[in-house]
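[1] let me see the structure of the following:
(one chain, ligands or ions: 1)
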Amino acid sequence: MSNTLLQQEVDKRRTFAIISHPDAGKTTITEKVLLFGRAIQTAGTVKGRGSNQHAKSDWMDMEKERGISVTTSVMQFPYNDCLVNLLDTPGHEDFSEDTYRTLTAVDSCLMVIDAAKGVEDRTRKLMEVTRLRDTPIITFMNKLDRDIRDPMELLDEVESELNIACAPVSWPIGCGKGFQGVYHIHRDESILYQSGQGHTIQDARIIKGLNNPELDEAIGADIAQDLRDELELVMGASHAFDHELFLSGELTPVFFGTALGNFGVDHMLDGLTEWAPKPMARPTHDREVKADEEKFSGFVFKIQANMDPRHRDRIAFMRIVSGKYQQGMKLRHVRLGKQINISDAVTFMAGDRSRAEDAFAGDIIGLHNHGTIQIGDTFTQGEDLKFAGIPNFAPELFRRIRLKDPLRQKQLLKGLIQLSEEGAVQVFRPLQSNDLIVGAVGVLQFDMVVARLKAEYNVDALYEPINVATARWVECDDEKKLDEFQRKNQANLALDGGDNLTYIAPTMVNLNLTQERFPDIDLRATREH
Ligand code: GDP
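    Numbers count the residues shown, from 1 in each chain. This next block holds a predicted model:
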């Protein structure tokens with residue numbers, strides 16, 4: 001493949017994930033985003049991705065599953081002149097480290113906020129994670145068909161609580177029963193909303209120019225005048241969009257709409273395809289790898305078991321960082337120092353798994369994993385690279401795990417260590433006891449671990465509560481100080497699944513006191529794979 005062809009493929013990719021608090025509308029937006037992606041497919045601009053009929057049945061299956069969550073992990077669709085990859089971040093109860101790690105595999109994020117509620121907990125947490133890499137953020141204020149909070153106040157809250165400047169791109173005209181649409185500040189046009197069209201792409205009425213008398217006729221002279229006055233204030237009080245600041249994660253363009261009413265999602269997608277970064281360069285421990293390099297490279301950010309009851313295998317999700325994947329190519333599994341033949345990678349097209357024919361930097365492919373692939377693994381076409389920054393996060397929930405049949409201790413340990421290598425859960429072995437402590441970020445992970453221990457290792461295990469508030473990885477360059485720390489804190493030290501020293505704190509107060517007493521010891525809340 002010539003360099004320019006590769007460059008063209010890379011340039012049109014946009015890879016993003018949605019961050020939001022449960023119930024803000026992530027699933028609904030995902031559906032509408034796919035509706036737009038599919039519509040273009042129906043119009044025949046994209047070939048070779050299955051028939052329209054096929055797409056339609058996927059869509060209906062998805063609709064059926066609604067209320068649970070769209071279970072697709074990666075969805076690729078065309079929009080404008082781009083190929084967009086939307087990576088699903090598990091929400092709700094199945095919130096886990098996968099959610100965090102998925103954010104290391106994207107180039108931008110869409111932050112969805114319930115405009116009736118404002119900034120909520122989970123969003124705050126996820127934004128912290130995007131900050132680790134200064135990921136560019138696009139904001140969608142959702143549920144404008146409800147009575148929302150004052151839009152200016154919402155922007156202020158995002159700015160002060162999430163520490164990111166807001167640049168409104170569209171501005172709402174009313175809300176709730178009085179929601180009439182938005183004024184698109186950049187296009188200088190009002191786009192009018194019609195309710196009851198949530199399942200189709202709306203043929204919206206567009207009125208050019210804020211001072212156009214047509215607007216007065218359409219929405220009422222008083223409302224039109226209020227809008228003009230309000231916009232004057234907004235423009236004075238808010239930031240103008242600045243592409244550089246957006247790319248450095250310091251400023252977010254803000255769109256208003258309703259996902260349920262399917263209004264405004266396309267404005268957001270227009271912004272995303274126009275402004276969001278194409279696949280970015282990534283650091284390794286030696287050098288930076290650029291997306292348009294000829295040679296293939298990628299890293300594994302997530303491993304998922306039994307996604308589809310018909311395929312009971314595990315899939316390792318790899319983000320392609322550079323070059324092109326072709327079926328049957330040989331790749332170097334850097335950690336193992338082995339060449340492996342990748343004959344059957346898969347892509348994930350809105351719930352349907354299909355064989356990946358080729359894929360480019362920015363895309364995600366799925367590798368069948370028979371136990372040799374771990375989170376953080378790098379694959380290349382020969383070079384010994386190791387991508388940096390795929391983190392382990394300190395778990396927030398802990399339980400002691402115990403066997404029903406004590407003779408199977410060895411299998412239990414083996415199972416737990418393998419599951420922790422996959423990143424499904426973390427396991428800690430206290431230095432001074434034979435306990436096994438399971439740590440997780442989300443509560444559903446505990447049930448998953450017990451179920452998988454039973455199914456895959458034939459081990460019956462159960463949990464007991466344990467008094468642990470948090471865990472921290474212990475690091476210190478000074479061996480003497482580390483020794484002293486270890487001697488004085490034996491009772492609170494453990495090894496994790498990879499034999500790394502961790503401090504297990506019964507309370508946050510204990511953690512803070514310990515940190516004060518041992519200022520030279522680094523107690524880290526994240527650890528790189
Ligand atoms: P998720 O938990 O973030 O995936 O949120 P969902 O997409 O499942 O939405 C949560 C609830 O909010 C569902 O009942 C949706 O129908 C509803 N919802 C989503 N978007 C809108 C919207 O724009 N307006 C209104 N009124 N409800 C919405």
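[2] identify the residues contacting residue 170.
    Listed by C-beta atoms under 8 Å, 6 or more residues apart in numbering, the contact set of residue 170 reads 182, 183, 184, 185, 191, 254, 255, 256, 257, 264, 267. Where C-beta positions appear, they are placed from N, C-alpha and C, glycine not excepted.
[3] check it and give its pLDDT.
    Here, the pLDDT recorded for residue 170 equals 98.
[4] with residue 182 as the reference, measure out to it.
    Plainly put, residue 170 is 4 Å away from residue 182 if you go by C-beta to C-beta, to the nearest Å.
[5] overlap in contacts of those two?
    Counting by C-beta under 8 Å, 6+ apart, the residues touching both residue 170 and residue 182 are 191, 255, 256, 257, 264, 267.
[6] tabulate those (CSV), appending distance to residue 85 and neighbour count.
    Listed next are the shared contacts of residue 170 and residue 182 as CSV, based on distance: C-beta to C-beta, whole Å; neighbours: other C-beta atoms under 10 Å:
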residue, distance to residue 85, neighbour count
191, 27, 22
255, 20, 27
256, 25, 29
257, 22, 30
264, 22, 27
267, 20, 21
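[7] contact residues of the stretch 101-250 of the chain facing the ligand?
    For the stretch 101-250 of the chain, the residues in contact with the ligand (C-beta under 6 Å from any ligand atom) are 142, 143, 145, 146.
[8] ok, those vs residue 446, which is closest?
    residue 142 (31.2 Å; C-beta to C-beta).
[9] tell me which of the residues of the stretch 101-250 of the chain next to the ligand fall in strands.
    Here DSSP state E is the test, and those give residue 142 as lying in strands.
[10] of the residues of the stretch 101-250 of the chain next to the ligand, which is the most crowded?
    Within these, most neighbours by other C-beta atoms under 10 Å means residue 142, with 29 neighbours.
[11] which residues touch the residue nearest to that residue when sequence neighbours are not counted?
    Nearest non-adjacent residue to residue 142, counting by C-beta to C-beta, 6 or more residues apart in numbering: residue 25, 4.3 Å away. Contact analysis of residue 25 by C-beta under 8 Å, 6+ apart lists 112, 114, 142, 143, 259, 260.
[12] show me the contacts for the last one.
    Put plainly, it is residue 260. Contacts of residue 260 by C-beta under 8 Å, 6+ apart are 25, 28, 143, 145, 198.
[13] same thing but at 10 Å, please
    For residue 260, the contacting residues are 25, 28, 29, 31, 32, 142, 143, 144, 145, 146, 195, 198, by C-beta atoms under 10 Å, 6 or more residues apart in numbering.
[14] the third one too?
    With C-beta under 10 Å, 6+ apart as the criterion, the residues that contact residue 142 are 20, 24-26, 28-29, 112-117, 148, 255-261, 264-265.
[15] pLDDT value on it, please?
    98.
[16] now swap in the fifth one and tell me
    In the prediction, the pLDDT value recorded for residue 259 is 95.
[17] that one contacts residue 26, doesn't it?
    Yes - counting by C-beta atoms under 10 Å, residue 26 is a contact partner of residue 259 at 8.6 Å.
[18] so what sits against both of those two?
    Shared contacts of residue 259 and residue 26, counting by C-beta under 10 Å, 6+ apart, come down to 112, 140, 142.
[19] which of these sits closest to residue 391?
    residue 112 (23.4 Å).
[20] for that closest one, which three-state class applies?
    strand (DSSP: H, G, I helix; E, B strand; the rest coil).
[21] quick one: it and residue 268 touch, right?
    Yes - here residue 112 lies in contact with residue 268, judged by C-beta under 10 Å, at a distance of 9.4 Å.
[22] which residue ranges form the strands in the stretch 151-300 of the chain?
    For the stretch 151-300 of the chain, the strands defined by DSSP state E, counting those that start in this stretch cover 165-168, 170-173, 181-184, 189-192, 206-208, 251-256, 282-283, 288-289, 297-305.
[23] let me redo that: the stretch 1-150 of the chain
    Using DSSP E, counting those that start in this stretch, strands in the stretch 1-150 of the chain cover 13-20, 74-79, 82-87, 108-114, 137-142.
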